[in-house]
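S.K.: Would you be able to build a 3D model of this:
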Amino acid sequence: MGVQRAVISVTTDASGDYSETIQSPLGRFLQFHYIPDGSSPLATGADLTVTEDDTGVVLISNVNIGLSAFTKAPRQITHLNTDGTADTITDFVYTVGDVTLTIAQGGNALSGVFYLYFGE
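M.R.: Predicted coordinates for the structure are as follows:
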């Protein structure tokens, strides 16, 4: 399978919102990259969520994403310690079906491109 990339070009509606669902390959969610449009980037206060639809697991959640490009490589905590605190060991987040990218408060008719990377 190797690494597969999904490219989502976003232009928000008049309310500043956008949502798109893509079919993700089964496997690990490796990385996420955002490139703002050069002339009409998403608003500084834009909120971004990427959710795995079948499980409801949030793969990415960023508020007030700003005007600069960024890359994230999300990981999840593997378990809790016996005292209920989060362990420091992390692992990849796995996907099993559709993934939805949602933008809120992105501004009217503003744009950016999102790259989602999946792998074995």
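
S.K.: Please tell me I have it right and F32 contacts V50.
M.R.: Yes: counting by Cβ atoms under 8 Å, F32 touches V50, with 6.8 Å between them. Heads up, the C-betas are built off the backbone N, CA and C, glycines and all.

S.K.: which of these two has more neighbours?
M.R.: V50 (25 against 20; other Cβ atoms under 10 Å).

S.K.: if I look at that one, how far off is Q4?
M.R.: The gap separating V50 from Q4 is 15 Å, by Cβ to Cβ, to the nearest Å.

S.K.: what's near enough to touch S9?
M.R.: By Cβ atoms under 8 Å, 6 or more residues apart in numbering, the contact set of S9 is 111, 113.

S.K.: Walk me through which strands the helix or strand of the chain with the lowest mean pLDDT pairs with, and which way each runs.
M.R.: Every helix and strand of the chain was ranked by mean pLDDT, DSSP states H and E. The lowest is strand 76-77, at a mean of 82. As defined by DSSP bridges, the strand partners of strand 76-77 come to strand 90-91 (antiparallel).

S.K.: Show me the contact partners of the partner strand.
M.R.: Outside of strand 90-91, the residues within contact range by Cβ under 8 Å, 6+ apart are 75-78.

S.K.: would a markdown table of the residues you listed with distance to T21 and neighbour count be doable?
M.R.: Below are the contacts of strand 90-91 laid out as a markdown table (distance: Cβ to Cβ, whole Å; neighbours: other Cβ atoms under 10 Å):
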| residue | distance to T21 | neighbour count |
| --- | --- | --- |
| R75 | 23 | 13 |
| Q76 | 21 | 13 |
| I77 | 26 | 12 |
| T78 | 28 | 11 |
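
S.K.: Turn those into a markdown table, columns for distance to R28.
M.R.: Compiled in a markdown table, those are given as follows (distance: Cβ to Cβ, whole Å):
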| residue | distance to R28 |
| --- | --- |
| R75 | 10 |
| Q76 | 11 |
| I77 | 16 |
| T78 | 14 |
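
S.K.: which of the residues you listed lies closest to G112?
M.R.: G112 lies nearest to R75 out of the contacts of strand 90-91, by Cβ to Cβ, at 23.7 Å.
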